[in-house]
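1. Fold the stuff below for me.
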Amino acid sequence: MPTNAPLNRKLRMGLIGGGQGAFIGRVHATAGVLDNRAALVAGALSSDPAKAKASAPDYDIPPDRAYGSYKEMADAEAKRSDKIDFVSVATPNHTHFEIAKTFAEAGFNVICDKPMTFDLKQAEQLLEVVKKTGVVFGVTHNYTGHPLVRQAREMVLNGDLGEINAIRAFYIQGWLRTRLEKENQKQASWRTDPAKSGAAGCFGDIGTHAYNLGRYITGLIPDQISAQLKTFEGGRQLDDYGVATIRYANGALGTVTASQVSHGRENDIFIEIDGTKAAIEWHQEEPNKMFVRKNGEQHKVYTRAGGPYLGKMAGAATRIPSGHPEGYLEAFANVYTAIYEDIVKRAGGQKFETRDTIYPNVFDGVDGMNFIIQAVASSKEGGAWKPLKHAACRA
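-> Predicted coordinates for the structure are as follows:
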């Protein structure tokens, strides 16, 4: 696919998933084109061929590029002179591996929803495929795209917080307080089904976001994990609540708490980080503010695009002046646009970073899947300490 020629056009995007009744596919489609750097031109929008084709007009995908399956799409697009530059995988967990592998082996760049695969073995295999093919591979841990999350990352890298001692990460929801899966609610049905979701429910769906946020901001290498996962709604097959303690290689301690059964909570992902020089706190539901605290000093509130105290990472992730809120879709788009930079480099035959990227990559995907598997293993043994460091972990 690399041409060694400048790419002076919009990138061509393909979408897998996102058919009628889906949620995250529309988010991918919106984020992918938000900055006018890509256009959605092709898709296999459902595992049901008829539904896939019927959904195409919702995205203005022309009939000749509305495919009945991802395999048909990969084969047909590979033969086109105006083939897609990348594919976004927005399907249930159990389908991620085969779809991503198929497109990567065909030379297409891949942007995959999280968790990256169904299990750890698949994640490790996919890592090898990406290494072999040299494609650009991003994982949409979208909260890493918020400007103030990137500001926190830059502050840690600059030593503003000192040595990191503790990370407390939370993701609290309440939407699964009742057995919605018994009512054939689409999102609940597959997320609570071990055949589609994988080894974990709540901890795989949202706990992995909280874990990734701590890893992304601090760069600390995990060492061990002790977890307790619980299913509070009787008859449900997977966990709907969980807590984990993490030991990091530098001696720091971390906690991850995830719930989908807490009344009145929506998408409350937040994080607190304690360093020897300062501490920070950030909440996704109010993403344009971050608290910075030091003993003996007034508490500070950093705002998105709020002043010269913000670093380059936050500035590059900001579109509009302070006081005008940016949120979920903009953060999602920031992950996309960062990936685009490397897609353009690859198309031009240039070298690009594969491990230490500002966007979550295939190594982070393996790290996240390892977190899920080891948390489940620990919980089954009553919270026994399990190794968490994986060869794929990046600082």
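2. who touches residue 24 in this structure?
-> By CB atoms under 8 Å, 6 or more residues apart in numbering, residue 24 lies in contact with 17-18, 90, 113. The way it works is simple: take the backbone N, C-alpha and C, and place the C-beta from them, glycine included.
3. let me redo that: residue 282
-> Neighbours of residue 282 in contact, by CB under 8 Å, 6+ apart: 146, 148-149, 152, 270-271, 289-291.
4. Residue 254 contacts residue 165, doesn't it?
-> No - shown here, residue 254 and residue 165 do not form a contact pair, counting by CB atoms under 8 Å, at 9.9 Å.
5. Who has more neighbours out of these two?
-> Remark: of residue 254 and residue 165, residue 254 carries more neighbours, 26 against 17, as counted by other CB atoms under 10 Å.
6. returning to that earlier point: from the contacts of residue 282, list the buried ones, please.
-> Buried by 16 or more other CB atoms under 10 Å: 146, 148-149, 152, 270-271, 290, out of those.
7. Could you list the low-pLDDT ranges of the stretch 151-300 of the chain?
-> Within the stretch 151-300 of the chain, not a single segment meets pLDDT under 70.
8. All the helices of it, in order from the start?
-> Assigned by DSSP state H, counting those that start in this stretch, the helices in the stretch 151-300 of the chain fall at 186-191, 194-197, 202, 208-218.
9. Out of those helices, which is closest to residue 366?
-> helix 208-218 (11.8 Å; CB to CB).
10. Could you pull up the residues touching residue 71?
-> residue 102.
11. so how far is residue 327 from residue 148?
-> 11 Å (CB to CB, to the nearest Å).
12. what's the answer for residue 251, then?
-> Taking CB to CB, one finds residue 251 at 35 Å from residue 327.
13. Between residue 148 and residue 327, which contacts overlap?
-> With CB under 8 Å, 6+ apart as the test, residue 148 and residue 327 both reach 287-288.
14. related to what we said a few turns ago, and residue 251 and residue 327? which has more neighbours close in?
-> Using other CB under 10 Å, the more surrounded residue of residue 251 and residue 327 is residue 327, with 14 against 11.
15. okay but the more buried one is in contact with residue 286, surely?
-> No - Residue 327 is beyond contact range of residue 286, at 9.5 Å (criterion: CB under 8 Å).
16. Dihedrals phi and psi, the residue nearest in space to the middle of the chain?
-> Geometric centre of the chain, nearest residue: residue 141, 1.7 Å, by CA atoms, centre = their mean. Torsion angles at residue 141 (phi, psi; degrees, to the nearest 10) stand at phi -80, psi 80.
17. which residue of the protein sits farthest from its center?
-> Quick read of the chain (CA atoms, centre = their mean): farthest out is residue 296, 37.0 Å.
18. need the contact list for it.
-> So residue 296 contacts nothing (CB under 8 Å, 6+ apart).
19. again, but for the one 3 residues further on
-> With contacts defined as CB under 8 Å, 6+ apart, residue 299 is in contact with 291-293.
20. Could you rerun that using 6 Å?
-> Residue 299 makes contact with residue 293, according to CB atoms under 6 Å, 6 or more residues apart in numbering.
21. separation between it and residue 314?
-> Noted for residue 299: a distance of 19 Å to residue 314, by CB to CB.
22. One more: residue 263?
-> 34 Å.
23. neighbour-wise, which of these two wins?
-> Between residue 263 and residue 314, counted using other CB under 10 Å, residue 314 has the larger neighbour count: 24 against 6.
24. Mind giving me the packing neighbours of the one helix or strand that one maps to?
-> Following DSSP states H and E, one finds residue 314 within helix 312-316. Helices and strands touching helix 312-316, by 3 or more CB pairs under 6 Å, 6 or more residues apart in numbering; DSSP states H and E, are helix 147-157.
25. ok now the helix it packs on, how far from the chain's centre?
-> 17 Å (CA atoms, centre = their mean, to the nearest Å).
26. Buried residues, it. List them.
-> Within helix 147-157, the residues that qualify as buried are 147-156, counting by 16+ other CB under 10 Å.
27. So what angle separates the directions of that helix and helix 208-218?
-> 50 degrees (axes from the mean of the first three to the mean of the last three CA atoms, to 10 degrees).
28. hmm, who's touching stretch 142-155?
-> 161, 213, 216-217, 280, 282, 284, 287, 290, 304, 310-311, 313-314, 317-318, 331-332, 334-335, 360.
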